[in-house]
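Student: compute the structure for the input listed below.
(one chain, ligands or ions: 1)
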Amino acid sequence: MTSKRVIAVFGATGAQGGSVARAILESKSFTVRALTRDVTSAKALALQNLGAEVVQGDLNDEASVEAALRGAYGAFVVTNFWEHHSKEKEVCQGKMVADAAKRLRLKHVIYSGLENVKRLSGGKLEVPHFDGKGEVEEYFWSIGVPMTSVRLSAYFENFLTLWKPVKASDGDYYTLALPMGDTPMDGISVADIGAAVLSIFSFPEKLLGKAVGLSAEALTVQQYADLFSKSLGKEVRDAKISPEAYEKLGFPAAKEIANMCRFYQMRPDRDVKLTYCLNPNVRSFSQFLEENQGALQGI
Ligand code: NAP
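Tutor: Sure, this is the predicted structure:
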């Protein structure tokens, strides 16, 4: 009996890596080597119970990453900008993994990348949590690592937290505040990316060396609001906030998100058709709301 090929999964205790690890474990087509800084955490132990090999790995510790990648066929790589809010740190972590993947001759890396908005806009617009990932994408390809970049759209899950409808102060309705104007914004449930990533690992030929924009659908803020209204039985309206007003909201990532929406208004390439090919069970926003009624109770 031949042993299964190993995929090292970064961020396996988190949203993206967790979705990828679970999809691979369910398929039984590869062995999952889950990286975490704390192999004793509840999430790490849950992955172990599902059949993953859980190993210590820290993106700030090159030796641990090299040890975790040794002997692997491939890796799913995600870095977490929001843990430190530093583009430089995210770039440093990503390039370190790219160098290790090159040295160890991994056959296929799937990197959770995004566009280098600063470069694409000729320096006019900066979105540090995109720009750094864009730099890392370019680095992976420049040193010749066989890599597919998956560029995700906004998680639908954001609408349960940071972007959830807020009660209006002047009436009996709720508002959704995202500075998108009337331009549709792509979205996807992060729970659905795992199956798409598994398809890319299973049939790598067409997507090696490419960037793939994943999206379940693109809706205007009013369309997201209408689906909320239907699901909650309460009126939800587009707050019609401008990027200029949004960046003055005062919370730490307000400027970053305003600039992200300015970029989203340029409609970066996200491919709904390809996403459905890679994961035929990808959820629409209305299905997502249906399945998350519990989380919406507090609204
Ligand atoms: P998450 O759920 O918060 O999980 C973060 C993961 O990163 C954890 O598994 C954590 O593992 C791991 N991690 C953090 N620092 C690490 C380190 N130094 N070494 C090793 N592992 C480390 O995050 P996520 O949502 O999966 O991914 C976050 C990324 O998604 C961000 O960079 C963001 O820009 C990007 N993104 C988000 C959206 C969105 O709409 N929210 C859309 C596209 C892209 P341990 O704690 O177990 O070590």
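Student: below-threshold pLDDT in this protein: ranges please.
Tutor: Low-confidence segments of the chain (pLDDT under 70): 1-2.
Student: just the helices in it please.
Tutor: Counting by DSSP state H, residue ranges of the helices within the chain are 15-27, 42-49, 62-69, 87-103, 117-120, 128-142, 193-202, 221-232, 243-246, 254-264, 272-278, 285-291, 293-296.
Student: of all those, which one is nearest residue 162?
Tutor: helix 254-264 (8.1 Å; CB to CB). Placement of C-beta: from N, CA and C, glycine included.
Student: so residue 134 sits right up against residue 121, yeah?
Tutor: No - Residue 134 is beyond contact range of residue 121, at 11.2 Å (criterion: CB atoms under 8 Å).
Student: who has more neighbours out of those two?
Tutor: Neighbour totals were compared for residue 134 and residue 121, and residue 134 leads with 22 against 17 (other CB atoms under 10 Å).
Student: for that one, what are its contacts?
Tutor: With contact set as CB atoms under 8 Å, 6 or more residues apart in numbering, residue 134 has these partners: 113-120.
Student: if you set the cut-off to 6 Å instead, what comes out?
Tutor: Contacts for residue 134 (CB atoms under 6 Å, 6 or more residues apart in numbering) come out as 115-116.
Student: all further residue positions should be reported with the first residue as 17.
Tutor: That works, and once the first residue is 17, the last one we named lands at residue 150.
Student: distance check, it against the ligand.
Tutor: 12 Å (CB to the nearest ligand atom, to the nearest Å).
Student: do the same with residue 65
Tutor: 16 Å.
Student: ok, residue 258 next?
Tutor: From residue 258 over to the ligand the distance is 21 Å, taken as CB to the nearest ligand atom.
Student: for residue 71, which of the helices of the chain is the nearest?
Tutor: Using CB to CB, the helices of the chain put helix 78-85 closest to residue 71, at 5.0 Å.
Student: and the closest one, is it in reach of the ligand?
Tutor: No - no part of helix 78-85 sits near the ligand under the criterion CB under 6 Å from any ligand atom; the closest distance found is 8.2 Å.
Student: tell me the centre residue of the protein?
Tutor: Of all residues in the chain, the one closest to the mean position by CA atoms, centre = their mean is residue 168, 4.9 Å from it.
Student: rewinding a little: okay, the helices of the chain in a markdown table with distance to residue 49 next?
Tutor: Shown next, in a markdown table, are those (distance: least, CB to CB, whole Å):
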| stretch | distance to residue 49 |
| --- | --- |
| helix 31-43 | 9 |
| helix 58-65 | 10 |
| helix 78-85 | 7 |
| helix 103-119 | 14 |
| helix 133-136 | 32 |
| helix 144-158 | 19 |
| helix 209-218 | 13 |
| helix 237-248 | 37 |
| helix 259-262 | 40 |
| helix 270-280 | 32 |
| helix 288-294 | 22 |
| helix 301-307 | 30 |
| helix 309-312 | 31 |
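Student: quick one, which of those helices is nearest to residue 200?
Tutor: When these are compared by CB to CB, helix 237-248 sits nearest residue 200, at 7.5 Å.
Student: what's near enough to touch residue 202?
Tutor: Taking CB under 6 Å, 6+ apart, we find residue 202 in contact with 169, 231, 234, 286.
Student: ok, back up a step: nearest to residue 182, out of the helices of the chain?
Tutor: Closest among the helices of the chain, using CB to CB: helix 237-248, at 11.3 Å.
Student: how about the CA coordinates for the closest one, as PDB?
Tutor: Taking Å, rounded to 0.1, in the frame of the first residue of the first chain, the C-alpha atoms of helix 237-248 are listed here in PDB:
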ATOM      1  CA  VAL A 237     -25.000  46.600  -0.800                       C
ATOM      2  CA  GLN A 238     -28.800  47.100  -1.300                       C
ATOM      3  CA  GLN A 239     -29.100  43.400  -2.600                       C
ATOM      4  CA  TYR A 240     -27.200  42.200   0.500                       C
ATOM      5  CA  ALA A 241     -29.600  44.400   2.600                       C
ATOM      6  CA  ASP A 242     -32.700  43.000   0.800                       C
ATOM      7  CA  LEU A 243     -31.600  39.400   1.600                       C
ATOM      8  CA  PHE A 244     -31.000  40.400   5.200                       C
ATOM      9  CA  SER A 245     -34.500  42.000   5.300                       C
ATOM     10  CA  LYS A 246     -36.100  38.800   4.000                       C
ATOM     11  CA  SER A 247     -34.100  36.600   6.400                       C
ATOM     12  CA  LEU A 248     -34.600  38.800   9.600                       C
END
